[in-house]
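J.: prediction below, plus the sequence it came from.
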Amino acid sequence: MDKIVDWNELKERVDEAHRKGKRVAFTNGCFDILHVGHVQYLREARRTGDLLILGLNSDASVRAIKGERRPLVPQGERAEVVASLESVDYVTIFNDQTPLSLIEYLRPDVLVKGGDWQEETVVGSDAVRSWGGRVAIIPLTAGASTTNIVEKVLRVYGTK
């Protein structure tokens, strides 16, 4: 899928977008089980820029953040699922626990995070503001989370 690109190819596309005067938005996350909260969030994130880049946590990164039992879905499949969304222009995978290196490399104009973050605690917010960008916080969809889905599945099907 041509929307899933490595960092170097993505940098070329971002630089080209900037040369054309386009505003580049960036967000990141695990997106382990895609749900309505993700879809609504990404649709709103896309509205903050002319194109939306999604930095996807690698499997190793997800394990480091969420524990050995995650991710439930491998990174290649997660990348393909989020890349299929109309709101997402490009997907790239990063291995660190935070996307700071990727943000500094790409230099997006808008850094987007969900409403469970405060602007001052968003990783990369200082960097983005230093080159004239901004941080956008998108409200969460109440009750929509991978954790809630997993807990519901366990209640229905047990822990076999």
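T.: Cool, the structure landed.
J.: residue boundaries of the helices in this protein?
T.: Secondary structure of the chain, counting by DSSP state H: helices at 7-19, 36-46, 59-66, 75-83, 100-106, 125-130, 146-157.
J.: any idea how far residue 20 is from residue 14?
T.: 11 Å (CB to CB, to the nearest Å). Every residue, glycine included, has its C-beta placed from N, CA and C.
J.: more neighbours, the two?
T.: Neighbours of residue 20 and residue 14, each counted by other CB atoms under 10 Å, are more numerous for residue 14; the result is 21 against 8.
J.: that one against residue 53, yeah?
T.: Yes: Residue 14 lies in contact with residue 53 (CB atoms under 8 Å); the separation is 7.2 Å.
J.: list residues touching both of the two?
T.: Counting by CB atoms under 8 Å, 6 or more residues apart in numbering, the contacts common to residue 14 and residue 53 are 24, 106, 108.
J.: which one of those residues is nearest residue 118?
T.: residue 108 (19.2 Å; CB to CB).
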